[in-house]
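Participant: quick check, what structure comes out for this input:
(one chain, ligands or ions: 1)
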Amino acid sequence: MSGTLVLVRHGQSDWNLKNLFTGWRDPDLTELGIEEAMAGGKALAEYGIKFDIAFTSALVRAQRTCQLVLDAVGQSSLETIRDQALNERDYGDLSGLNKDDARAKWGEEQVHIWRRSYDVPPPGGESLRDTGARVWPYYLTDILPRVLAGEKVLVAAHGNSLRSLVMVLDRLTKEQILKLNLATGVPMVYKLKADSTVASKEVLGDMSGAH
Ligand SMILES: O=C(O)[C@H](O)COP(=O)(O)O
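Facilitator: Below you'll find the predicted structure:
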């Protein structure tokens, strides 16, 4: 019997608020980010899910989000595995730069390509393909077997580490992934078939404001 995979992007971080490229840097959540994570958790509580295990990255904004979601579903002490394989895409030399300053320097189109394309890495950093090359093997070895065994699994991670997973799960093309933005704190509930493809996907919240 196959289980359930819930993906949630961390709530707004301090550097999201300041509009800085973050990548592997490690800012905490803002007050709004805390509220977003709690709202995502509340939606999951209303959905009625009880998790068997949680996974998160090595970065504090995802870990805090994970804990706030678990608190909201009444599972504060659930086993949680942290791994840097789930970290945000490494933004390389862009890390710490203001996104508008980067647009002024390199142009809107180039910055959009660095942020959203599949295979163009920002200078010194990872493309989405590079990110997927570490996220996907970890998913296959550590996460997927639990889902296929019937467990309910929470993954609290990052915009681009999750985009790399969603790209494969939703069978998106390179063109489609360019347009995919994930909202902060909005859970995506996947039911998987025994062959590990997607049986159903529900989004518990509003993805339309994501950018
Ligand atoms: O690392 C970052 O700056 C953000 O978490 C995601 O950034 P992006 O929306 O520019 O990909």
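Participant: only C-alpha atoms for contact and neighbour calcs from this point on.
Facilitator: Noted.
Participant: pretty sure T131 is in a helix, no?
Facilitator: Yes: if the criterion is DSSP: H, G, I helix; E, B strand; the rest coil, then T131 is within a helix.
Participant: dump the residue contacts of it.
Facilitator: Listed by Cα atoms under 8 Å, 6 or more residues apart in numbering, the contact set of T131 reads 88-90, 160-161, 164.
Participant: now, those residues that are in helices?
Facilitator: Under the assignment DSSP state H, the contacts of T131 contribute 160-161, 164 to helices.
Participant: ok, so of those, who is nearest F55?
Facilitator: For the ones in helices among the contacts of T131, the residue nearest F55 by Cα to Cα is S161; the value is 12.7 Å.
Participant: isn't that closest one right up against Y91?
Facilitator: No: at 11.9 Å, S161 does not count as touching Y91 under the criterion of Cα atoms under 8 Å.
Participant: quick one on the thing from earlier: state the pair within the contacts of T131 that is farthest apart.
Facilitator: Greatest spacing in the contacts of T131, by Cα to Cα: D90 and S164 (13.1 Å).
Participant: how about the residues of the chain by the ligand?
Facilitator: Counting by Cα under 6 Å from any ligand atom, the chain comes close to the ligand at 20-23, 115, 159-160.
Participant: closest to I34 among those?
Facilitator: Of all those, G159 has the smallest distance to I34: 16.3 Å, by Cα to Cα.
Participant: residue contacts, the closest one?
Facilitator: By Cα under 8 Å, 6+ apart, the contact set of G159 is 9-10, 88, 181-184.
Participant: swap the cut-off to 7 Å and go again
Facilitator: Taking Cα atoms under 7 Å, 6 or more residues apart in numbering as the contact definition, G159 lies against 9, 88, 182.
Participant: what's around the first one, how many residues?
Facilitator: What it means is R9. 28 (other Cα atoms under 10 Å).
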